[in-house]
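Peer 1: Following is a predicted model, sequence given first.
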Amino acid sequence: MKVRVSGIAKTIGIAVFCAFAAGAALAQSDYVAPGSDLDVPLDQYLKDAGPDARLIKPGKLSIDRHRMLCGRRPTVMDPKFDSWGGAYPGYVILNPDRLKELPTPVKLFIYAHECGHQFVGRNETAADCFGVKRGRRYGWLDEKGLDQVCEFISKLKASAQHEAGPERCKKIRICYKEAAPRATRSGSNTQ
């Protein structure tokens, strides 16, 4: 069966594809099919996670004396979560047990990366970049902290969602430089 597409529909379809391919800033919910395993309402997640999971309201999360915020999105602290952190549409998940031994910049990056998914969707590279840029701009990520983040990430193997750690680190370093204040960028005359 052939489907005929008008010129206007083709143009719209190509524009949507190009915007998606270029990493258009869509919310994670824009990439997640309702009812999929990636779309778990907060109340259902908390019910399924059990009594060990606790909800932290937006603006109330503190990681090593750093107040962390992801807009109006709450954070679930779940010691049974299978990774360091995760994100579902509308909330962030952290596993405090897995995070506790990590250096502070790595903990903060993980949170900022997961928060980034709320703004850039499921694109892992874009979420990495979001996290690093946020850390640089808010002052909790410096060169030493970036090295700690890269040391952590470089040990991670490629998966269906993530590139191999060393490749992620190369891209993270580029994002870090892009987040530099204008006065420190090469060729800038900003006072």
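Peer 2: Nice, thanks for sending it over.

Peer 1: Strands along this structure, start to end?
Peer 2: 54-56, 61-63, 66-68, 75-77, 85-88, 91-94 (DSSP state E).

Peer 1: Hmm, C175 and V132 touching each other?
Peer 2: Yes. The pair V132 and C175 passes the contact test of Cβ atoms under 8 Å, sitting 4.6 Å apart. Every residue, glycine included, has its C-beta placed from N, CA and C.

Peer 1: So for those two, which sits in the more crowded spot?
Peer 2: Between V132 and C175, V132 has the larger neighbour count (other Cβ atoms under 10 Å), namely 28 against 19.

Peer 1: Next up, the contacts around C150.
Peer 2: With contact taken as Cβ atoms under 8 Å, 6 or more residues apart in numbering, C150 is in contact with C169, I172, R173.

Peer 1: per-residue pLDDT, it?
Peer 2: In this model, C150 is scored at 96, pLDDT.

Peer 1: any idea how far it lies from R136?
Peer 2: C150 is 14 Å from R136, where distance means Cβ to Cβ, to the nearest Å.

Peer 1: who are the neighbours of the longest helix anywhere in the chain, in terms of helices and strands?
Peer 2: Of all segments of type helix in the chain, defined using DSSP state H, the longest is helix 104-120. Taking 3 or more Cβ pairs under 8 Å, 6 or more residues apart in numbering; DSSP states H and E as contact, the helices and strands that helix 104-120 lies on are strand 61-63, strand 66-68, strand 85-88, strand 91-94, helix 124-138, helix 143-154.

Peer 1: Provide the count of other residues in contact range of the closest residue to H117 other than its chain neighbours.
Peer 2: Of all residues beyond its chain neighbours, the one nearest H117 is A87 (3.9 Å), with distances taken as Cβ to Cβ, 6 or more residues apart in numbering. For A87, the count of nearby residues is 23 (other Cβ under 10 Å).

Peer 1: Surely A87 touches L94?
Peer 2: No. Under the criterion of Cβ under 8 Å, A87 is not in contact with L94, lying 10.0 Å apart.

Peer 1: what is in contact with these two at once?
Peer 2: Shared contacts of A87 and L94, counting by Cβ under 8 Å, 6+ apart, come down to E114.

Peer 1: show me what contacts the residue nearest in space to the middle of the chain?
Peer 2: Taking Cα atoms, centre = their mean as the criterion, H113 is the residue nearest the geometric centre of the chain, at 2.8 Å. Residues in contact with H113, defined by Cβ under 8 Å, 6+ apart, are G85, A127, D128, F130, G131.

Peer 1: cutoff 10 Å now
Peer 2: Contact criterion Cβ atoms under 10 Å, 6 or more residues apart in numbering gives 84-85, 87, 92, 124, 126-132, 134-135, 149, 153, 172 as the residues in contact with H113.

Peer 1: What sits closest to it if chain neighbours are left out?
Peer 2: Once chain neighbours are set aside, the closest to H113 by Cβ to Cβ, 6+ apart is G131, at 3.8 Å.

Peer 1: Ok, L99 next?
Peer 2: K107 (5.0 Å).
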